[in-house]
Structures are given as structure tokens and as C-alpha cells.
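Colleague: generate coordinates for the sequence data below:
(one chain, ligands or ions: 1)
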Amino acid sequence: MDPMNEMTPVTEAATDPKPAKAVPALPDAQTVTEVKHWTDRLFSFKVARPASLRFRSGEFVMIGLMNDPDPKTGKVKPLLRAYSIASPSWDEEMEFYSIKVQDGPLTSRLQHIKVGDEIILRPKPVGTLVHDALIPGKRIWFFATGTGFAPFASLLREPETYEKFDEVIITHTCREAGELTYGRELIESLKTDELLNEVIGEGFWKKIKYYPTTTREESAKMGRITDLMRSGEAFADLGVPPLNPESDRAMICGNLAFNLELKDLFENTYGLEEGANSKPAHFVVEKAFLD
Ligand code: A2P
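Modeller: This next block holds a predicted model:
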């Protein structure tokens, strides 16, 4: 049997020597343990983690639901999308942060999940937003738009981030102020998280500089991060010099236009080189999930 298909949740295995729960009806099914709605367009949820599933903070998996039966054949197929894992690699639960698209094939249904429901989680994590794809440096930048914050919610709780870097800068650009709440609350919670302060090191969160901006609603800082970097305003606000290949490393996760614009800025203005798992370098890019 392929050990990657063992679907025993870690928590059950740890606490109950003879699990009495029914075998899940779906292939690769996982039970939802928490759902939080952040805005009418955004929600997050957690599922139990399969005991055998190992991943690197920043990676994504395919998750989804079963489609309705095909009217002709009666066959039922899974409907899956790539989702960044928003929880760190050591956590016993797996967290996801999602957009709600009213006519989106998956998220129009996924947004209605409740605690105790089952979703499909294919246990094959992959991705480029991992520490292995970057060479050592002094400062790491995480650049996100919208739900592109998810892999950084994982990496901000990953000990390696603080072992490898002296400074951690997270920028998050959203249309409206309410879309920043998930990220802001997560970063705020790091300060009082006893487990993280013990695991990563007391006061680890002092290395973080958080730079949220909005583009279509008034907030403390308005504008696209790309424009704020080009004008130099972002660097002045943060009190750091522009990115350079000696000291700076970066991970990008946002919409396609944002990813391309930042990649161009990095390569042609700051002289950074794109890395990969097979060839670590200065920065890595991944598209945020949209449905
Ligand atoms: P804007 O409102 O100016 O389009 P979306 O919800 O469309 O994915 O966008 C999320 C955020 O990313 C918005 O604040 C949007 O700004 C911003 N954004 C979109 N494209 C770019 C880009 N090419 N560079 C920087 N920010 C961008």
C-alpha cells in the first residue's frame, strides 16, 4: 500500500489507539475542523492532517470536492484546485485561505463547508516557495496580493525562516482594507503564541516588518507595492535599502500581472536571479489560486 494514501488524522492516531470512526467515503477525504469567514469574498478553514503527509512550509496541495454525478454516465469525478498550505510544516492541522467566487466551479461550493464536512486532499505537496529554492541572505521579502498571503502564513510560522534570515519583510496589497484582516491578525497572534516563541525562539516576531497596502479603499498606506517600490517610498517607510543580490531574497505570490511585474523589476532593476528547487538563487514566484 502506498503510505501516502494512509488517511489517518494525526490527532486521532495520537489520542485513540483503536479508532472507532467510519472509514471516509471520499478518496483522500479529510474532515474540516474549523471554518472562519473574513469578508464576503474570503474565508479560511482547517482540516485534520493525514499522519503520513509531510510537506515543506510554502508548498501547495490539490484540494476539492466531488462533482455532481455526470447526467449521462452517472460517474462522479473530483473537482480539484491547487491551494497553498497556510499552516506550517510542523502543525497537526492543515490550514487553507480561499477566495469565494460566486460562480467559481469549486469555491462557489467550498465556501459553504462546515465543521465535520469532508473535503478531498491529495497528499502530494509541491511548490517553489520553499527555503530550499533560495540561497542564504540577510533579509527575506514575502510579496503577496489577496489570497497570495497563504504560503507566507505558513512560512511566517516556520522556524527555518528565522534561522536563515535576520529580517523578514511581508508586504500585502489588497483592494480593500477588510481583505488585510486575516494576515494582520495572523502576524499579531505571533507575538503571544507561546508555542511558537518556544519552538522558534523568544521574541522571534521582532524580525518581522509588516507592510500592508490597499488600492481601492482608504487605509494607512495606499498604492500597489510595485509603484511604492519604484518611487522608493516603500524602502523609506521600511527603513531598508532597495533589494540587492548580496543581501536580499524574495518570494512572490499573487495574481499573474503582479507576479510578472515584480519578476521584471527584480531581474531588470535589482539584478536578482530567479531560483528553483533544482537551482537555488535569489527569488521565487508562484501564482495565487483564483477560481
Ligand atoms: P488594483 O486595485 O490597482 O488592481 P486582484 O483582487 O485583482 O487579484 O488584486 C489584488 C491586489 O493586487 C489589488 O490591490 C490590485 O491593485 C493589486 N494588483 C493587481 N495587479 C497588480 C500589478 N501588476 N502590480 C501590483 N499590484 C497589482
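
Colleague: for the ligand, what's the nearest residue on the stretch 1-150 of the chain?
Modeller: With Cβ to the nearest ligand atom as the measure, residue 145 is the residue of the stretch 1-150 of the chain nearest to the ligand, at 3.5 Å. Where you see a C-beta, it was placed from the backbone N, CA and C, and this is true even at glycine.

Colleague: skip the chain neighbours and tell me the closest residue to that residue.
Modeller: residue 254 (3.4 Å; Cβ to Cβ, 6 or more residues apart in numbering).

Colleague: over to residue 211?
Modeller: residue 171 is the one closest to residue 211 (Cβ to Cβ, 6+ apart), at 4.4 Å.

Colleague: helices or strands up against the helix or strand encompassing that neighbour?
Modeller: Element membership for residue 171 (DSSP states H and E) is strand 167-174. Secondary-structure packing of strand 167-174 (3 or more Cβ pairs under 8 Å, 6 or more residues apart in numbering; DSSP states H and E): strand 139-145, helix 181-192, strand 208-214.

Colleague: please identify the most buried of the ones you listed.
Modeller: Highest mean neighbour count of those: strand 139-145, a mean of 25 (counted as mean count of other Cβ atoms under 10 Å).

Colleague: just to revisit the earlier point, dump the helices and strands packed on strand 167-174 to a markdown table, plus mean pLDDT and distance to residue 286.
Modeller: Below are the helices and strands packed on strand 167-174 laid out as a markdown table (pLDDT from 0 to 100; distance: least, Cβ to Cβ, whole Å):
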| stretch | mean pLDDT | distance to residue 286 |
| --- | --- | --- |
| strand 139-145 | 98 | 10 |
| helix 181-192 | 98 | 17 |
| strand 208-214 | 98 | 20 |
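
Colleague: can I get these in a markdown table with distance to residue 157?
Modeller: Output for the helices and strands packed on strand 167-174, formatted as a markdown table (distance: least, Cβ to Cβ, whole Å):
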| stretch | distance to residue 157 |
| --- | --- |
| strand 139-145 | 12 |
| helix 181-192 | 7 |
| strand 208-214 | 11 |
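
Colleague: mind checking which of the ones you listed is nearest residue 32?
Modeller: Evaluated with Cβ to Cβ, those place helix 181-192 nearest to residue 32, the distance being 17.3 Å.

Colleague: report the buried residues of the helix or strand just after the closest one.
Modeller: Next in sequence after helix 181-192, counting helices and strands by DSSP H and E, comes helix 194-200. Neighbour-count burial for helix 194-200, counted by 16 or more other Cβ atoms under 10 Å, picks out 196, 200.

Colleague: just checking, what packs against helix 194-200?
Modeller: Counting contacts by 3+ Cβ pairs under 8 Å, 6+ apart, helix 194-200 packs against helix 159-164.

Colleague: thanks a lot, see you next time.
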